[in-house]
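Chemist: using only what follows, build the 3D model:
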Amino acid sequence: MNPQPADETPLDETAFPLPAAEGLPEQRVEELAAYDEQLRRGEGQTWAAGEPLTTSLPPDLVECLHWIEEVWPRAGKQPAAERELPSHIGRFEIARVLGQGGFGIVYLARDPLLNRQVALKVPRLHALASDSLRERFRREARATAALDHPHIVPIHEMGEAGPLHYLAFAYCEGPNLAQWLKLQAGPVPPHMAAGVVRALAEAVHYSHDRGVLHRDLKPSNVLLFPVAAGAGEMALPYVPRIVDFGLARLAEEELEATGTTGVIGTPLYMAPEQALGLPEEVGPAADIYALGIILYELLCGRPPFVGTRPLEVLDQVRSAEPPPLRKQRPEVPRDLETICLKCLQKRPAERYATAQALADDLARFLQGAEVLARPVTMWLRLVRWCQQPQRLREAGWTVVAVNIVMGGWTLIAAIAVAAGWVPRPDHLTAAEVWRQLLPVVVLTSPVLAAVGVAIMNGKKWAAQIGAGTGAGMTVVALLLGLRWIENPYSWLYNDIPGYALQVYLMLAMLCLVQTLASAIAWMALRAKEQGMLPRMGTDGHG
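Modeler: A predicted model of the protein is given here:
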């Protein structure tokens with residue numbers, strides 16, 4: 001039931017006939033389509049002919065269609081502010097929409113039983129399309145409702161109203177952390193940022209201890225509850241509290257139920273292992289990574305990875321190192337930068353072991369004590385750079401380019417000597433020149449270029465061959481240039497003093513480049529084999 005918008009030309013139904021469902025009379029199909037059209041126009045009280053609805057369609061079906069239209073209104077049907085809200089969901093009186101996302105809609109509602117305002121989260125009907133997903137929703141809601149922490153938004157009630165499920169949790173009059181950040185005239189003071197994230201880390205550790213992961217931590221999921229002036233924590237007139245625990249897992253369950261795979265969460269705050277769409281590898285370390293992103297954004301005013309497209313951001317999350325925090329804001333204390341960057345390590349094992357360990361290190365920083373996190377050394381940065389998956393593609397192209405240059409140079413030299421453009425000994429015929437130089441052009445360079453292609457395809461043996469032959473050719477080229485071994489091509493350079501040394505030094509440098517590129521590719525492949533990085537495609541893409 002998805003009719004054309006009123007301002008579009010209707011489809012020719014004779015060209016695209018809609019078959020009636022098996023066992024469903026054609027007249028009933030037409031009635032459903034007609035009623036859906038009236039709902040789209042905002043009517044739906046009676047048929048055009050004036051016949052009451054209850055005599056045309058079963059009452060339960062009419063109620064279901066109304067619920068769908070109210071809870072999941074069609075985009076563009078009318079301006080959002082003018083959409084008619086349901087007056088009640090269960091016993092709750094609906095006031096207005098607070099927000100909506102891919103999983104559901106949040107309403108501001110009044111609970112007449114306890115005479116208080118609540119935020120009522122209603123999952124979209126498609127999000128709980130199966131019995132297993134509905135049961136999963138109940139389990140997640142029960143687990144989240146059991147969380148009792150001053151920095152977690154409490155859930156008051158879980159219930160059902162007809163075909164709808166809902167969660168009623170504490171209503172926050174203040175902004176969320178994302179909204180508050182946009183209102184700041186300048187950067188957040190470092191100690192205030194550390195205090196906020198410390199409070200969030202303690203809440204996350206509390207939930208992890210009880211087996212509840214968040215999976216979608218971000219500033220918009222941190223609500224700032226107003227408190228009396230001067231009574232708030234961290235010099236803020238707010239108490240930060242995390243909302244929406246466990247709901248990201250429900251979205252993953254929905255994909256699994258339909259046999260679909262994908263990336264769940266917000267790319268800007270997503271851990272590398274999460275960005276690969278591998279939910280079985282996402283654990284507590286992913287929430288710690290998200291806390292590091294939030295700390296980075298509080299200190300710099302922006303997340304470390306930004307882009308115009310989600311895929312661009314995901315690619316950075318998987319493979320790029322975050323920009324050094326102190327280069328963007330030099331006044332940030334070095335210890336706080338070290339804590340933040342430890343949270344943002346690509347490998348989960350290199351982050352804090354627990355969220356409580358992060359909270360404790362932030363507490364040490366706030367107290368002026370020595371933190372346990374240590375800066376990453378330049379050597380370790382270099383090793384990690386070599387182990388990044390995109391190095392395979394870069395190393396492979398480097399090996400190909402080196403051998404194209406060497407093969408092309410040899411071919412040009414052979415042509416020049418054979419044609420007599422440069423002097424050659426009288427005893428050396430053009431055929432002899434080709435016999436000596438062509439093996440390099442026909443065999444060595446093309447074969448090693450093919451090795452470069454194999455490196456791009458993630459072949460470990462190719463990286464080993466590239467490194468071995470490159471190292472061997474580097475040594476031979478140096479020995480030839482220094483005349484420590486007999487030069488089979490001495491006739492080519494005899495008339496130009498010092499030219500042989502220059503040529504062979506150039507060849508030695510090219511071969512050394514091939515050696516280093518192949519060695520770097522080998523390190524990237526070893527890291528992948530040992531699970532030191534998230535699994536990625538052999539071309540360096542996820």
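
Chemist: give me the buried positions along stretch 149-169.
Modeler: Neighbour-count burial for stretch 149-169, counted by 16 or more other CB atoms under 10 Å, picks out 149, 151-153, 155-158, 161, 164-169. The C-beta positions use only the backbone N, C-alpha and C, and glycine is treated the same way.

Chemist: and which of those residues is nearest residue 296?
Modeler: residue 151 (19.6 Å; CB to CB).

Chemist: before we move on, the earlier item: now, the buried residues of stretch 149-169 that are in strands?
Modeler: Among the buried residues of stretch 149-169, DSSP state E puts 155-158, 161, 164-169 in strands.

Chemist: switch those residues over to TSV; also include distance to residue 92 and pLDDT.
Modeler: TSV is the format used below for these (distance: CB to CB, whole Å; pLDDT from 0 to 100):
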residue	distance to residue 92	pLDDT
155	14	88
156	10	88
157	9	87
158	12	85
161	8	83
164	11	82
165	13	82
166	8	88
167	11	86
168	7	90
169	12	89
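
Chemist: between the residues you listed, which is nearest residue 302?
Modeler: Closest approach between these and residue 302, by CB to CB: residue 169, at 29.4 Å.

Chemist: for that closest one, list each beta-bridge partner.
Modeler: When assigned by DSSP bridges, residue 169 has beta-bridge partners residue 119, residue 155.

Chemist: is residue 514 in a helix, a strand, or coil?
Modeler: Remark: residue 514 carries the secondary structure label helix [criterion: DSSP: H, G, I helix; E, B strand; the rest coil].

Chemist: tell me the contacts of it?
Modeler: Residues in contact with residue 514, defined by CB atoms under 8 Å, 6 or more residues apart in numbering, are 398-399, 402-403, 448, 466, 469-470, 473.

Chemist: let's see that with 10 Å instead.
Modeler: Residues counted as contacts of residue 514 (CB atoms under 10 Å, 6 or more residues apart in numbering) are 395, 398-403, 406, 448, 451-452, 466-467, 469-471, 473-474.

Chemist: beyond the helix or strand bottoming out on mean pLDDT in the chain, next helix or strand please.
Modeler: Within the chain, no helix or strand scores below helix 247-257, which has a mean of 48 by mean pLDDT, DSSP states H and E. Next in sequence after helix 247-257, counting helices and strands by DSSP states H and E, comes helix 272-275.

Chemist: could you dump that next one to PDB, C-alpha only?
Modeler: Taking Å, rounded to 0.1, in the frame of the first residue of the first chain, the C-alpha atoms of helix 272-275 are listed here in PDB:
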ATOM      1  CA  PRO A 272      37.500  -0.100  13.400                       C
ATOM      2  CA  GLU A 273      36.200  -3.600  14.200                       C
ATOM      3  CA  GLN A 274      32.600  -2.300  14.100                       C
ATOM      4  CA  ALA A 275      33.200  -0.400  10.800                       C
END
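
Chemist: next SSE after it?
Modeler: Following helix 272-275 in sequence, per DSSP H and E, is helix 284-300.

Chemist: quick check: buried residues in the next helix or strand after that next one?
Modeler: Using DSSP H and E, the next helix or strand after helix 284-300 towards the C-terminus is helix 310-319. For helix 310-319, burial by neighbour count (16+ other CB under 10 Å) applies to 313-319.

Chemist: which one of these sits closest to residue 143?
Modeler: For these, the closest approach to residue 143 (CB to CB) belongs to residue 317, at 27.7 Å.

Chemist: is it correct that the closest one is in contact with residue 268?
Modeler: Yes: assessed by CB atoms under 10 Å, residue 317 is found in contact with residue 268 at 8.4 Å.

Chemist: which residues do those two both contact?
Modeler: Overlap of the contact sets of residue 317 and residue 268 (by CB under 10 Å, 6+ apart) consists of 293, 303-305, 307.

Chemist: now a ChimeraX select for only the buried ones of those.
Modeler: The ChimeraX selection below is limited to those of the shared contacts of residue 317 and residue 268 classed as buried (16+ other CB under 10 Å):
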select :293,303,304,305
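
Chemist: out of the shared contacts of residue 317 and residue 268, who's nearest residue 521?
Modeler: Using CB to CB, residue 305 is the member of the shared contacts of residue 317 and residue 268 that lies nearest residue 521, at 24.8 Å.

Chemist: OK, contacts around the closest one?
Modeler: 267-270, 275, 293, 296, 312-318, 320-323, 344.

Chemist: ok, the closest residue to it other than its chain neighbours to residue 390 distance?
Modeler: Ranked by CB to CB, 6 or more residues apart in numbering and with sequence neighbours excluded, the top spatial neighbour of residue 305 is residue 316, at 4.1 Å. Using CB to CB, to the nearest Å, one gets 11 Å for the distance from residue 316 to residue 390.

Chemist: likewise residue 518?
Modeler: Using CB to CB, residue 518 is found at 16 Å from residue 390.

Chemist: out of those two, which sits in the busier spot?
Modeler: residue 518 (28 against 16; other CB atoms under 10 Å).

Chemist: what's the more buried one in contact with, if anything?
Modeler: When contacts are counted by CB under 10 Å, 6+ apart, residue 518 touches 395-396, 398-399, 448, 451-452, 455, 462-471.

Chemist: now list the buried members of the residues you listed.
Modeler: In these, the ones that pass as buried (16+ other CB under 10 Å) are 395-396, 398-399, 448, 451-452, 455, 462-467, 469-471.

Chemist: go through the residues you listed and flag which are in helices.
Modeler: Judged by DSSP state H, helices contain the following of these: 395-396, 398-399, 448, 451-452, 455, 462-467, 469-471.

Chemist: run through the stretch 151-300 of the chain and note the low-pLDDT ranges.
Modeler: Low-confidence segments of the stretch 151-300 of the chain, defined by pLDDT under 70, are located at 228-235, 246-265, 278-279.

Chemist: rerun that using 80 as the cut-off
Modeler: 162-163, 186, 228-237, 245-266, 275-281 (pLDDT under 80).

Chemist: the stretch 401-542 of the chain too?
Modeler: Residues of the stretch 401-542 of the chain that meet the cut-off, pLDDT under 80, sit at 407-445, 480-504, 527-542.

Chemist: show me where it has helices.
Modeler: Under the criterion DSSP state H, counting those that start in this stretch, helices of the stretch 401-542 of the chain are mapped to 430-439, 445-456, 460-481, 499-529.

Chemist: for the ones you listed, which one sits closest to residue 287?
Modeler: When the helices of the stretch 401-542 of the chain are ranked by proximity to residue 287, the top entry is helix 499-529, at 24.1 Å, counting by CB to CB.

Chemist: that closest one to helix 460-481, inter-axis angle?
Modeler: Interaxial angle of helix 499-529 relative to helix 460-481 (axes from the mean of the first three to the mean of the last three CA atoms, to 10 degrees): 160 degrees.

Chemist: what angle do helix 445-456 and helix 499-529 make with each other?
Modeler: With the same axes, to 10 degrees as the criterion, the two stretches helix 499-529 and helix 445-456 enclose an angle of 30 degrees.
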